[in-house]
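Peer 1: One predicted model, sequence on top.
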Amino acid sequence: MIANSGLSSYDLYGVLGSGVQCNCYVSASFLAMNQDLWDSLSDSQQRAIERLSGRAVSLAAAGAYDAASSAVDERYPQAGINKVVLDDAELAAWREATQSVVDRWIGRHAADFPAREMYNRMLELAAE
């Protein structure tokens, strides 16, 4: 599975005959820092990081991704790629079938960081 933008990034137009659009791709990114390191930064350093991260930067990145995705949508027909869009029932079945991947990822990382909480928060943000 690859997001729309991956078709351009990896120039896959010549090798794909069809694709499935599930609207289920999320580019999850987290900015994490050790609390002691954060506390050691000056107020101006902390403000700079806060200014260059967070929701504003996330929305700017989302806008760039949306533009790239739209450009790819325009090239599907030119490249002869048949795009299939999953309906709600098909997407629900896909999510059920792939839930074990999520569960394994959470289980593998739960001891290292709050994996379930991070995953759930990503879902919340994606729904906005």
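Peer 2: Looks like it came in fine. Residues are numbered from 1 along each chain as shown.
Peer 1: you'd agree residue 106 is up against residue 114?
Peer 2: No - with contact defined as C-beta atoms under 8 Å, residue 106 does not count as touching residue 114 (9.7 Å). Backbone N, C-alpha and C define where each C-beta goes, glycine included.
Peer 1: Looking only at neighbour counts, state which of the two leads.
Peer 2: residue 106 (16 against 12; other C-beta atoms under 10 Å).
Peer 1: which SSE is that one in?
Peer 2: helix 88-109 (DSSP states H and E).
Peer 1: most residues in a single helix of this protein, which one?
Peer 2: helix 55-79 (DSSP state H).
Peer 1: hmm, who's touching it?
Peer 2: 3-5, 7-8, 13-14, 16, 19, 27, 29, 83, 125 (C-beta atoms under 8 Å, 6 or more residues apart in numbering).
Peer 1: buried residues in the next helix or strand after it?
Peer 2: Proceeding N to C from helix 55-79, the next assigned helix or strand is strand 82-85, under DSSP H and E. Neighbour counts over strand 82-85 (16 or more other C-beta atoms under 10 Å) mark no residue as buried.
Peer 1: do stretch 57-72 as well
Peer 2: Quick answer for stretch 57-72 (16+ other C-beta under 10 Å): 68-69, 72.
Peer 1: Now the helix or strand hosting residue 120: buried residues?
Peer 2: Using DSSP H and E, residue 120 falls within helix 115-127. Buried positions in helix 115-127, judged by neighbour count with 16+ other C-beta under 10 Å: 115, 119.
Peer 1: Give the other helices and strands that it contacts.
Peer 2: On a contact count with 3 or more C-beta pairs under 8 Å, 6 or more residues apart in numbering; DSSP states H and E, helix 115-127 meets helix 88-109.
Peer 1: Show residues contacting the helix it packs on.
Peer 2: 22-24, 86, 115-116, 119.
Peer 1: Would you mind getting the angle between it and helix 115-127?
Peer 2: Angle, helix 88-109 to helix 115-127, by axes from the mean of the first three to the mean of the last three C-alpha atoms, to 10 degrees: 150 degrees.
Peer 1: starting at the chain centroid, how far to helix 88-109?
Peer 2: 15 Å (C-alpha atoms, centre = their mean, to the nearest Å).
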